[in-house]
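1. Dropping a prediction and its sequence here:
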Amino acid sequence: MHKLSLADVLLSTNITPNFLRLLLNGGGTISATGCITQFYFYGVSAGSEVFLLTAMAYDRYLAICSPLHYASIMGFRLCLYMSLCSWGLALMLGLFFNLLTFNVEFCGPFVIDHYFCDFTPLIKLSCTDYKAVELTVIIVDIPFMLLPFYFIIYTYVSIGLAILRISSTEGRHKAFSTCSSHLIVVCMYYGTLIIVYMVPSKGHNFNMNKMLSLLYTVGTPCFNPIVYSLRNNDIKVALYKCMSNQISFLHSI
């Protein structure tokens, strides 16, 4: 869980400050070095979150489908190995996409129609035909985005069947609550990523692209702590009190 928090912090600190500056100033500039750096760390944080969510799905699969073997399989060594693999793959993919994107020829105008240096608005500034680069990104995304997504689907189908076999209602509820937070984040994160990066640029409106990007660059890191904390009773009580106070304040106006 703390590895996912690190990915969220990296994503937020890389995107959000500059995004707020653009909102306050009605636009802004960024150097070529700054754009390359932002694009690289964005790719690393987004990629690591994909792989870490996949590792967490496997953790929940073992906990529900093979509870007696969980302690012997999910040890410190396996957790460390999955974390290192997740970050290692993310670092390599970030470097690959950076080299692929910034090796194309740019001749202006150097105006990015986006709130951060993302692949689609950058590649649209190219003077040459960028279809080959766009196709390469889609092909590379298939094993590194879709295969983890299909694995997560497989784990949750298995988890759902295992939950249905539990005889008691309390047992079903406890098993479902174990993975409900993770499932919410996966649906929100993967849904937007697949639409933005797996659908060609002509397949959807670019303004919609920016709105979807806002969901996983700003929304997901903000919602993750809330979603994963909802199982904590103290958090639930504090959230209930906060909502009650807000409702009472609105009624008093």
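-> Received the coordinates, thanks.

2. okay, and for the chain, where does confidence drop off?
-> Applying pLDDT under 70 to the chain picks out residues 1-3, 108, 197-207, 224-236, 238-240, 248-253.

3. Going by secondary structure, the residue nearest in space to the middle of it is in what exactly?
-> The geometric centre of the chain, computed from its C-alpha atoms, lies nearest to residue 189 (C-alpha atoms, centre = their mean), at 4.5 Å. For residue 189, the element it lies in under DSSP states H and E is helix 169-198.

4. mind checking how far that helix is from the chain centre?
-> 12 Å (C-alpha atoms, centre = their mean, to the nearest Å).

5. now stretch 95-108
-> Taking C-alpha atoms, centre = their mean, the mean C-alpha location of stretch 95-108 is offset from the chain mean by 23 Å.

6. Mind listing what's buried along that stretch?
-> 97, 98, 101, 104 (16 or more other C-beta atoms under 10 Å). For every residue, glycine as well, the C-beta is placed using N, CA and C.

7. Any buried residues in the host helix or strand of the third one, and which?
-> Put plainly, it is residue 101. Here residue 101 sits within helix 76-102, counting by DSSP H and E. By neighbour count on 16+ other C-beta under 10 Å, the buried set for helix 76-102 is 82, 83, 86, 87, 89, 90, 93, 94, 97, 98, 101.

8. Would you agree residue 36 falls within a helix?
-> Yes: with DSSP: H, G, I helix; E, B strand; the rest coil as the criterion, residue 36 is located in a helix.

9. Roughly how far does it sit from residue 95?
-> 11 Å (C-beta to C-beta, to the nearest Å).

10. Kindly report the same for residue 113.
-> With C-beta to C-beta as the criterion, residue 113 and residue 95 are 25 Å apart.

11. Leaving out chain neighbours, which residue sits closest to residue 74?
-> For residue 74, the nearest residue in space outside its immediate sequence neighbours is residue 62; the separation is 5.6 Å by C-beta to C-beta, 6 or more residues apart in numbering.

12. The one you found and residue 68 touch, don't they?
-> No: the criterion here is C-beta atoms under 8 Å, and residue 62 misses it with residue 68 at 10.2 Å.

13. So which of the two has more stuff around it?
-> residue 62 (18 against 6; other C-beta atoms under 10 Å).

14. Residue 139 and residue 145: what is the separation?
-> 11 Å.

15. Please say which of the two ends up with more neighbours.
-> Neighbour totals were compared for residue 139 and residue 145, and residue 145 leads with 21 against 9 (other C-beta under 10 Å).

16. Am I right that that one sits in a helix?
-> Yes: remark: residue 145 belongs to a helix, assigned using three-state DSSP.

17. What separation do you get for it and residue 5?
-> On the measure of C-beta to C-beta, residue 145 and residue 5 end up 22 Å apart.
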